[in-house]
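1. Sequence plus the predicted model coming up.
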Amino acid sequence: GSPSIRRKHINLNSYARQQNQDYGPNYLLHDFRTAEGEVVNPYRILEVKRTADRKEIKQQYRKLSKMYHPDVVRHKDVLPGKCNDLSDVRDEWERVLLSYEILSDHRQRLKYDRHSTLCNIGHVVGWGVTNLASGISI
């Protein structure tokens, strides 16, 4: 006979505690976090549309690199954007670099697009159910 197949059910909360990881609402975007744990939106950071091609992404990356690269900023009198000090510049540079790494790698970009869409659907569905339930009086 054929061997029976057992499916393992994983309780994400217990697994997260074992791994010391946070599986909150954005757990699918865990791979797209900065060192401080901030989930980046590479399209917003690089100021490109979701339909942007590699050339557009690279142009925006180069433009932002000239503004935020710590080696360039160190020699300027005025800090770029909303940065108040060199630490802010390094944080923004990390976001720009991570965003470019995500969008320039085909597999990473597909993974980000898929996971961010799933997270957004979860937020929308949760919002709709909450609002529907709040309109019911018993």
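-> Sure thing, it's come through.
2. For the rest of this, base every contact and every neighbour count on C-alpha atoms.
-> Will do.
3. Low-confidence bits of the protein, can you list those?
-> 1-27, 120-138 (pLDDT under 70).
4. Kindly recompute the last result at 90.
-> The model of the chain has pLDDT under 90 over residues 1-40, 70-87, 89, 112, 114-138.
5. Which parts of it are helices?
-> Defined through DSSP state H, the helices belonging to the chain, from first to last, are 12-19, 42-46, 54-68, 70-73, 86-104, 106-134.
6. what about Gln108, neighbour count?
-> Neighbour count for Gln108, taken as other C-alpha atoms under 10 Å: 15.
7. Tell me which residues touch it, please.
-> Going by C-alpha atoms under 8 Å, 6 or more residues apart in numbering, Gln108 touches Ile102.
8. quick one: it from His115, how far?
-> From Gln108 over to His115 the distance is 10 Å, taken as C-alpha to C-alpha, to the nearest Å.
9. circling back: export the helices of the chain as a markdown table, with columns for distance to Pro80.
-> Shown next, in a markdown table, are these (distance: least, C-alpha to C-alpha, whole Å):
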| stretch | distance to Pro80 |
| --- | --- |
| helix 12-19 | 38 |
| helix 42-46 | 14 |
| helix 54-68 | 6 |
| helix 70-73 | 8 |
| helix 86-104 | 8 |
| helix 106-134 | 27 |
